[in-house]
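> Sequence and predicted structure below; questions after.
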Amino acid sequence: MSWSNPGAIIEHTIRATQLREHLLSVSPSGTLLDLGCGPRPYFDLYAPYFQKTIGADLADSPFPKKGVDIYCKATAVPLDDSSIDFILCTEVLHDIPEPDEFFLEVYRLLKPGGTLFLTSPFVVPLVDGAFDHYRYTRHGLEYRIKKANLTPTSIQPVGDIFSVCITLGIKPVLKVFSTLSKQLRFKGLYSAYNPLLFLLVIVPQLMYLACRNLPVLKALLKRFDYGPIGYVSIVTKST
């Protein structure tokens, strides 16, 4: 569990769990492309499964560049056709103004039988300012994927309406602590080491994550997945 982004513990944990379960179920190999990799938050999860991993991101990305191997747009990756076994793309699709170009590029890059593991936001506030273009429903994702001659094998929600309420509810609290930390020049205010932030922001998310796995609540929460934080799409290119 990563607390580097205290407002996104729920979504990061669920995404990581779904990625781990998928990798365990299919035991992939070959070359992985982490497209829009940022600081590569899932590197430790996927690295053991592949002979080679490539991190790609924009040159002007605000994230640390340590894990970036090539600088490019997600719609124009300087790699050969059918050269990638597995593409991981997390929280990038909503920033791409021409999504069809993205899925066509995925089709070009993947080997026959290759996989795209794609995460995209749904009920979340604006994330990247003027770069934040879209939100996709399950049906919108399926349409875009099929339009590029790819196959959506699974589109699963990240959380439910309750996780959305928690996530939206803690945003104003985070905004206050972020502003105070900048004005007072004390980074500790905007971290899990701040007891008040921990109580108001971290604890509600941990309680949700603990409760969602209780057998008595699992089936109930599933009935409220019509308004999730986002979706995880597992997509394949036909052989």
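On my side now, so go ahead.

> any idea of the pLDDT on the residue of the chain positioned farthest from its centre?
Ranked by distance from the centre of the chain (Cα atoms, centre = their mean), the top residue is residue 184, with 31.7 Å. We have a pLDDT of 89 for residue 184.

> Also residue 131?
For residue 131, the model assigns a pLDDT of 88.

> Distance check, it against residue 73.
Residue 131 sits at a distance of 12 Å from residue 73 (criterion: Cβ to Cβ, to the nearest Å). The C-beta positions use only the backbone N, C-alpha and C, and glycine is treated the same way.

> Partner strands of the helix or strand containing residue 115, with direction?
Assigned by DSSP states H and E, residue 115 falls within strand 110-121. When pairing is defined by DSSP bridges, strand 110-121 lines up against strand 84-90 (parallel), strand 230-236 (antiparallel).

> Please parse the protein into its domains.
Listed domain ranges for the chain are 9-160+228-236, 161-222 (source: automatic domain parsing).

> By mean pLDDT, point me to the weakest helix or strand of the protein.
helix 215-222 (a mean of 83; mean pLDDT, DSSP states H and E).

> First-to-last residue distance for stretch 177-196?
Stretch 177-196 has its terminal residues 10 Å apart, counting by Cα to Cα, to the nearest Å.

> actually stretch 29-49, sorry about that
So stretch 29-49: terminal residues 6 Å apart, Cα to Cα.

> That one - what's its average pLDDT?
The average pLDDT within stretch 29-49 is 95.

> which residues sit against that stretch?
Stretch 29-49 is contacted from outside by 2, 4, 12, 15-16, 19-20, 23, 27-28, 50-58, 61, 63-64, 66-68, 74, 77, 79, 83-92, 109, 111, using Cβ atoms under 8 Å, 6 or more residues apart in numbering.

> So which bits of that stretch are buried?
Going by neighbour count (16 or more other Cβ atoms under 10 Å), the buried part of stretch 29-49 is 31-42, 46, 49.

> Pop out the phi and psi values for residue 35.
Dihedral pair for residue 35: phi -90, psi 120, per degrees, to the nearest 10.

> Spit out the contact partners of the residue nearest the centre of the chain.
Note on the chain: the residue nearest the mean C-alpha position is residue 90, at 3.4 Å, using Cα atoms, centre = their mean. The neighbourhood of residue 90, defined by Cβ under 8 Å, 6+ apart, consists of 15, 36, 41-42, 118-119.

> Look up how far residue 40 lies from it.
Residue 90 sits 10 Å away from residue 40, going by Cβ to Cβ.

> Kindly report the same for residue 123.
Note on residue 123: its distance to residue 40, by Cβ to Cβ, is 26 Å.

> do the same with residue 82
Using Cβ to Cβ, residue 82 is found at 24 Å from residue 40.

> in the protein, what spans have low per-residue confidence?
Confidence mapping of the chain against pLDDT under 70 gives the ranges 1-3.

> Mind listing residues that contact stretch 143-151?
Counting by Cβ under 8 Å, 6+ apart, 99-100, 103-104, 106-107, 116, 136, 152, 233, 235-238 sit against stretch 143-151.

> still on that earlier bit, most tightly surrounded among the domains of the chain?
Ranked by mean neighbour count, the domains of the chain are led by domain 9-160+228-236 with a mean of 17 (mean count of other Cβ atoms under 10 Å).

> can you give me the end-to-end distance of that domain?
Using Cα to Cα, the two ends of domain 9-160+228-236 sit 28 Å apart.

> Residue numbering should commence at 39 henceforth.
All set: I'll call the first residue 39, so the last point we hit is now domain 47-198+266-274.
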